[in-house]
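1. Take a look and give me a structure for this.
(2 chains)
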Amino acid sequence: MAKAPPKRPNRDSVTTINDDGSRFFLHPADAHGPWVIARRVAAVLLIAIYVSLPWIQIGGQPAVFLDFINRRFHLFGLTFGAGDIWLTFFLITGLAFFLFFTTALFGRLWCGWACPQTVFLEHVFRRVERWIEGDAPQRKRLDAAPWSPEKAFKRVLKHGIFIVFAGLIAHVFLAYFVSIPQLYEWVRASPLDQARAFGFILIATGILYFNFVWFREQLCIVICPYGRLQSALIDEHTINVAYDERRGEPRGKMGTEGAGDCIDCNRCVQVCPTGIDIRQGLQLECVACTACIDACDEIMEKVKRPRGLIRYASEETLAGRKTRYVRARTVIYMVFLLLGLTVMTLAFSSLQPFESNISRMPGRPSYVTDDHIRNQFLIRLGNKRGEPARFHVEALSMPAGMRLVGWETSVELGPYAEESRPLILQQERAHYTGPVPVTIRVRTEDGRGVRERTLEFLGPDPRVFAP
Amino acid sequence: MKSDSPDKPEPGSPHPHAGRDDIPPGAVLREHVYDGIEEYDQRLPNWWLWTLYITIIFSFGYWFLFFTSRALPTDSERVAAEIQRIEALRFEQMGTVDAETLWQMSRNDTILAQGARVYSVNCAVCHGANLEGGIGQALNDGEWRWGHDPMDIHSVVDLGSPDPMAGMQAWGRQLGPRQVAAVVAYVLSHNDPGNMFTAADSPGRASER
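-> Numbering: from 1, shown residues only, chains lettered A, B, ... in the order given. I've put the predicted structure just below:
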């Protein structure tokens, strides 16, 4: 491999994609400093949360257990059924506006600090690579070196560890959907007996491995829609990772007459995981990872100049004006965020510990006997809690001569049990005056849940019975 | 878009942007200009192009496997096969049920416990908690409207009453063959085998429809 001239980032093309469409593989240098440490602490915490949530038990169920097989979703002690799926609208819009709100204020905090792509790539996979293959120049040399036993050993070790970590992440992911005991059972079974679960793990591991070993920043630059939304979400008052052009320019080596603070050492470019030059301003590729802040601060210390040539700052601050936090966009995002939060709280507080659905039995809408008009329904009850519950079913607002048959006593359902039972409304013909709505109320004996549903009691035209 | 855009390449012009100092040499711009915004015409990443090539290759494989060679069953064929399998299972279970078996089942405590459970959930509303009748017929008096052979009773439960005005629906689909047999056995256990008769005004036997 011929020694290519060092690539200079520019604003007209993506550094990591060459002119012929091939990939330019980056080897970012190490950055050291308080931001790197803070981000590493955050990453360790986030990974700990990710790994431990399926293990933590709340109310007899894992803290997060999305049980698609049984259509039950356990979240921090609450259990949701398939019928509660509409609640996710408020959850998802609430999270979206929270993301918009923080983006308008502080830019891409999510990308740099919390996104799984960054967390696993920067703090797990790149660390392994750094440990085995050495720092950036050593990695570049290894890439260019011909195959040797040493290179083969390093590569096998690195890819082996990558596959193990990718497999672990995939297993934890699957545990969110099947729970740890089930996963453990599957892991111990023969792959042939658990072909689907095994196939899922195989494919997920493969995707994660490919992503973290080769694809890397391409996900953020080309695929992730959040990055593309930035220009619509931020403005001049948004705080981003930014280069202080007024202080830094014109660049020049130490001692140059009239030069700014930037000594053009290129450290900020060398540490960048997406291959940009932050001194060219805010760019789509920037994931606000703060590596260039630490890199520049380290140099500024060495040359005895104040830190913060690259720092968290808004365009307004850098232009010498004041950053405003209260702006139309932040207020609107916050209003939507609070609105979503309020509606979500109200909606979640109306969550019932059981499900009930009433449908008409197959056959006729109504049956007429010598004395009665009758409507036949099936009521499906589902207990969403991990303990038995008794249910009462009663009819409200019944007209004269009508009776709900078969629900004189309550019904007990075991933990998470579901049951269909007939529910029959019957009215004496003498009192029948035509179709009428009837409200059915289902409540648990302990009073923790009540649901009501209005049915239409149907029958023939009453004039048929006219004397 | 201005029709006389200066960026519009002249036919035969080798380098339409020659002389412009705001774009790097060699860069190619797309033809369109919207509100002064122009677009580079750069090569797509190779990996991105490969996703396209792979889908094209995949479509040939898909077309060959599902539509030409028919080596793999289509979704509708798989559904049909699965329905066949379920039906075969049903027939298998049904084949073991006859009048004699039902009487035998009506003396088996395990079956009766299952049958009692099915009865209380599904049947008691209309036929009474003690089979004494209500909206529906009494089931403990030995008198049977649609024939007194156990298979007649089984047929009414499985397929519903032959009289569409009666309101007894077909429970076979909801309960399945095992539970239907168990509940019929439970009902039989409340009757005396020596005192079973068809109602005088019976329109015919249910199992012969």
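2. Leaving out sequence neighbours, find the closest residue to the closest residue to chain B within chain A.
-> Of all residues in chain A, A:Gly406 sits closest to chain B, at 3.1 Å by C-beta to the nearest C-beta. All C-beta spots, glycine's among them, are computed from the backbone N, C-alpha and C. By the measure of C-beta to C-beta, 6 or more residues apart in numbering or on different chains, the closest residue to A:Gly406 outside its immediate chain neighbours is B:Val125, 3.1 Å from it.
3. Determine the set of other helices and strands touching the helix or strand that neighbour falls within.
-> When elements are defined using DSSP states H and E, B:Val125 is found to belong to helix B:124-127. In terms of contacts (3 or more C-beta pairs under 8 Å, 6 or more residues apart in numbering or on different chains; DSSP states H and E), helix B:124-127 is packed against strand A:418-428.
4. The strand it packs on - contacts with which helices or strands?
-> Using 3+ C-beta pairs under 8 Å, 6+ apart, strand A:418-428 is in contact with strand A:372-383, strand A:402-405, strand A:411-413, strand A:450-457, helix B:124-127.
5. Go ahead and name everything in contact with the next helix or strand after that strand.
-> Read in the C-terminal direction, the helix or strand following strand A:418-428 is strand A:436-444, with elements assigned using DSSP H and E. The contact list for strand A:436-444, computed with C-beta atoms under 8 Å, 6 or more residues apart in numbering or on different chains, reads A:353-354, A:356, A:358, A:379, A:381, A:389-399, A:402, A:404, A:423, A:425, A:449-457.
6. How about stretch A:206-213?
-> Contact partners of stretch A:206-213, identified using C-beta under 8 Å, 6+ apart, comprise A:117, A:120-121, A:124-125, A:159, A:162-163, A:165-166, A:169-170, A:219.
7. and what of stretch A:297-308?
-> Counting contacts by C-beta under 8 Å, 6+ apart, the residues outside stretch A:297-308 that touch it are A:31-33, A:244, A:254, A:261, A:263, A:265, A:267, A:296, A:309-310.
8. how about these in CSV, adding distance to B:Ser59 and neighbour count?
-> What follows is the contacts of stretch A:297-308, written out as CSV (distance: C-beta to C-beta, whole Å; neighbours: other C-beta atoms under 10 Å in any protein chain shown):
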residue, distance to B:Ser59, neighbour count
A:Ala31, 45, 24
A:His32, 50, 13
A:Gly33, 51, 17
A:Asp244, 53, 19
A:Met254, 61, 10
A:Asp261, 57, 19
A:Ile263, 55, 22
A:Cys265, 51, 16
A:Arg267, 48, 20
A:Cys296, 50, 30
A:Leu309, 53, 23
A:Ile310, 48, 26
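9. From those, pick the one nearest A:Gln182.
-> A:Ala31 (41.8 Å; C-beta to C-beta).
10. Work out the gap between stretch A:278-285 and the centre of the chain.
-> Once both centres are worked out by C-alpha atoms, centre = their mean, to the nearest Å, stretch A:278-285 turns out to sit 27 Å from its chain's centre.
11. If you count neighbours, what's buried in it?
-> Burial within stretch A:278-285, assessed by neighbour count using 16 or more other C-beta atoms under 10 Å in any protein chain shown, is assigned to A:278-279, A:282, A:285.
12. now do stretch A:120-139
-> A:120-126, A:128-129, A:132-133, A:136, A:139.
13. who touches it?
-> Taking contacts as C-beta under 8 Å, 6+ apart, the residues outside stretch A:120-139 that touch it are A:27-30, A:39-40, A:43-44, A:47, A:142, A:154, A:157-158, A:161-162, A:165, A:169, A:212-213, A:216, A:270, A:273, A:289.
14. Give me the subset of those that lies in helices.
-> Among the contacts of stretch A:120-139, the ones falling in helices (DSSP state H) are A:39-40, A:43-44, A:47, A:142, A:154, A:157-158, A:161-162, A:165, A:169, A:270.
15. can you put those residues in JSON lines and add pLDDT, distance to A:Ser314 and neighbour count?
-> As requested, the ones in helices among the contacts of stretch A:120-139 are exported to JSON lines (pLDDT from 0 to 100; distance: C-beta to C-beta, whole Å; neighbours: other C-beta atoms under 10 Å in any protein chain shown):
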{"residue": "A:Arg39", "pLDDT": "96", "distance to A:Ser314": "21", "neighbour count": "22"}
{"residue": "A:Arg40", "pLDDT": "96", "distance to A:Ser314": "26", "neighbour count": "14"}
{"residue": "A:Ala43", "pLDDT": "96", "distance to A:Ser314": "26", "neighbour count": "20"}
{"residue": "A:Val44", "pLDDT": "97", "distance to A:Ser314": "30", "neighbour count": "13"}
{"residue": "A:Ile47", "pLDDT": "97", "distance to A:Ser314": "31", "neighbour count": "17"}
{"residue": "A:Leu142", "pLDDT": "94", "distance to A:Ser314": "41", "neighbour count": "18"}
{"residue": "A:Lys154", "pLDDT": "95", "distance to A:Ser314": "44", "neighbour count": "17"}
{"residue": "A:Leu157", "pLDDT": "96", "distance to A:Ser314": "45", "neighbour count": "14"}
{"residue": "A:Lys158", "pLDDT": "96", "distance to A:Ser314": "40", "neighbour count": "18"}
{"residue": "A:Ile161", "pLDDT": "97", "distance to A:Ser314": "41", "neighbour count": "16"}
{"residue": "A:Phe162", "pLDDT": "97", "distance to A:Ser314": "38", "neighbour count": "20"}
{"residue": "A:Phe165", "pLDDT": "97", "distance to A:Ser314": "37", "neighbour count": "18"}
{"residue": "A:Ile169", "pLDDT": "97", "distance to A:Ser314": "36", "neighbour count": "21"}
{"residue": "A:Gln270", "pLDDT": "94", "distance to A:Ser314": "26", "neighbour count": "19"}
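16. hey, which helix is longest across chain B?
-> With secondary structure taken from DSSP H, chain B has its longest helix at helix B:75-95.
17. So among the contacts of strand A:436-444, which ones count as buried?
-> Among the contacts of strand A:436-444, those classed as buried by 16+ other C-beta under 10 Å are A:353-354, A:356, A:358, A:379, A:381, A:389, A:391, A:393, A:395, A:398, A:402, A:404, A:423, A:425, A:449, A:451, A:455, A:457.
18. Among the contacts of stretch A:297-308, which lie within helices?
-> Within the contacts of stretch A:297-308, residues falling in helices by DSSP H are A:267, A:296.
19. of all the contacts of stretch A:297-308, which comes closest to A:Gly320?
-> Of all the contacts of stretch A:297-308, A:Asp244 has the smallest distance to A:Gly320: 10.4 Å, by C-beta to C-beta.
20. just to revisit the earlier point, which ones among the buried residues of stretch A:278-285 are found in helices?
-> Using DSSP H to define helices, no part of these is located there.
21. How far off centre is the lowest-mean-pLDDT helix or strand in chain B?
-> Least confident helix or strand of chain B, by mean pLDDT, DSSP states H and E, is helix B:75-95 with a mean of 85. The offset between the C-alpha centroid of helix B:75-95 and the centroid of the whole chain comes to 12 Å, using C-alpha atoms, centre = their mean.
22. ok, residues contacting that helix?
-> Outside helix B:75-95, the residues within contact range by C-beta under 8 Å, 6+ apart are B:73, B:176-178.
23. if we go to 7 Å?
-> For helix B:75-95, the external contacting residues (C-beta atoms under 7 Å, 6 or more residues apart in numbering or on different chains) are B:73, B:177-178.
24. Could you tell me which of those residues belong to helices?
-> Restricting those to those inside helices, with DSSP H as the criterion, leaves B:177-178.
25. are any of the contacts of helix B:75-95 buried, and which?
-> If you count burial by 16+ other C-beta under 10 Å, the buried members of the contacts of helix B:75-95 come out as B:Pro177.
26. just the contacts of helix B:75-95 now: which is nearest chain A?
-> When the contacts of helix B:75-95 are compared for distance to chain A (C-beta to the nearest C-beta), B:Arg178 comes out closest, at 16.5 Å.
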